[in-house]
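Asks: Show me how the following folds:
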Amino acid sequence: MWILGIESSCDETGLALYHDVRGLAAHAVHSQIDLHQAYGGVVPELASRDHVRRIVPLFRQVLAEAGISAGDIDAVAYTAGPGLAGALLVGAAFAESLALSLGRPAIPIHHLEGHLLSPLLSADPPAFPFVALLVSGGHTQLMRVTGVGAYELLGETLDDAAGEAFDKTAKLLGLPYPGGPALAALAEGGVAGRMKLPRPMLGSGDLDFSFSGLKTAVLNTVNKGVEDAARADLAAEFQEAVVDVLVAKCLAALRHTRLNQLVVAGGVGANRRLRSRLDVELAQRRGRVFYPELELCTDNGAMIAFAGALRLAAGLAQHSAGGEIAVRPRWALDTI
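Replies: Sure thing, here's the model as predicted:
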């Protein structure tokens, strides 16, 4: 069975073809970084228009890579939310129209479910149940995952997501967009601890996060004056503060659930310092941490196609009603 996956929730247009026997046969992603760089962030209208330009050429590309025709597609899975409304509508409209023309089902997929299940695409996947840390520019959540579609929210950010805090802090330090990777690169040349920043909610006793205050602490430090030579130290301290909180909350979630498997997914999951710390901490506790392949950490169609395939196999696919185009810019993962 061939599943086409379409992702267009923000500033990446991703399409992929997944086969239930062959696995991931083709995937392609177009990033809009260059388009939004001049504005220092994603401009929703520009993002939507670029999805319109890219989606058909990418569709043709993945068909060619997989060596199949459109008529071979058995189902079309697409991101229905959460995300930017206009961007989501582009992917939904294409998916629903294609599915209707082929007489195939269209399957709306939750963007975060795609991220959460993406490590199962790797050669050494985790087994259910596990704890998942979803950490990206728009989301920071801890979930208990007992199976496909069975997600319990353990904790989430009360304000800025970790990735958002990275991007905003990078801007304060004068780094280019996208700020998260630039800040992580700068931090490699600094020493954490030379400058002091708080670890928000580290001792809160729950599994929630808050990174807005950390960003404000960086702003106050910058306003007092930071020499160029100290910018790397400030970046390193900020990164270490975020990692300290993420690691501590992950370990607390594992203790709370009495599980020893952790899945980390989302763009910030590619951060090398976070991976290093989690690898060490879980190994010391005889646990394991699983990540998607690096190329699947950012938004992509492969995770959407795979989530669609798993939902079909489990009998959980929620088919849309005959070409109806509806998206959910706000959509809680534990409600699906």
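Asks: for the protein, which residue is closest to the average position?
Replies: Centre of the chain computed as the mean C-alpha position; nearest residue by Cα atoms, centre = their mean is Gly266, 2.8 Å away.
Asks: Please report how far the closest residue to that one other than its chain neighbours lies from Val62.
Replies: Using Cβ to Cβ, 6 or more residues apart in numbering and skipping residues adjacent in sequence, the residue nearest Gly266 is Ser136, 3.4 Å away. C-beta here means a position set from N, CA and C on the backbone, and glycine is covered the same way. Ser136 is 24 Å from Val62, where distance means Cβ to Cβ, to the nearest Å.
Asks: Distance from the chain centre to the helix or strand where His27 lies, please.
Replies: Secondary structure here is read from DSSP states H and E; on that basis His27 sits in strand 23-31. Going by Cα atoms, centre = their mean, to the nearest Å, the spacing between the C-alpha centre of strand 23-31 and its chain's C-alpha centre is 16 Å.
Asks: ditto for stretch 129-142
Replies: On Cα atoms, centre = their mean, the centre of stretch 129-142 falls 8 Å from the chain's centre.
Asks: what pLDDT, on average, does the lengthiest helix in the chain get?
Replies: Longest among the helix segments of the chain by residue count, using DSSP state H, is helix 231-257. Summarised as a single mean, pLDDT over helix 231-257 is 98.
Asks: could you point out which element follows the strand holding His27?
Replies: Downstream of strand 23-31, the next assigned helix or strand under DSSP H and E is helix 33-36.
Asks: Burial check on the residue nearest to Gly266, number of neighbours?
Replies: Neighbours of Ser136 under the rule other Cβ atoms under 10 Å: 24.
Asks: Can you give me the distance of the closest residue to Gly137 other than its chain neighbours to Pro178?
Replies: By the measure of Cβ to Cβ, 6+ apart, the closest residue to Gly137 outside its immediate chain neighbours is Gly163, 3.5 Å from it. Remark: distance between Gly163 and Pro178 (Cβ to Cβ) = 9 Å.
Asks: Assumed Gly5 was part of a helix.
Replies: No - inclusion of Gly5 in a helix is not indicated when DSSP: H, G, I helix; E, B strand; the rest coil is applied; the result is strand.
Asks: How about it: what's its closest non-neighbour residue?
Replies: Closest residue to Gly5 apart from its sequence neighbours, by Cβ to Cβ, 6+ apart: Ala305 at 2.6 Å.
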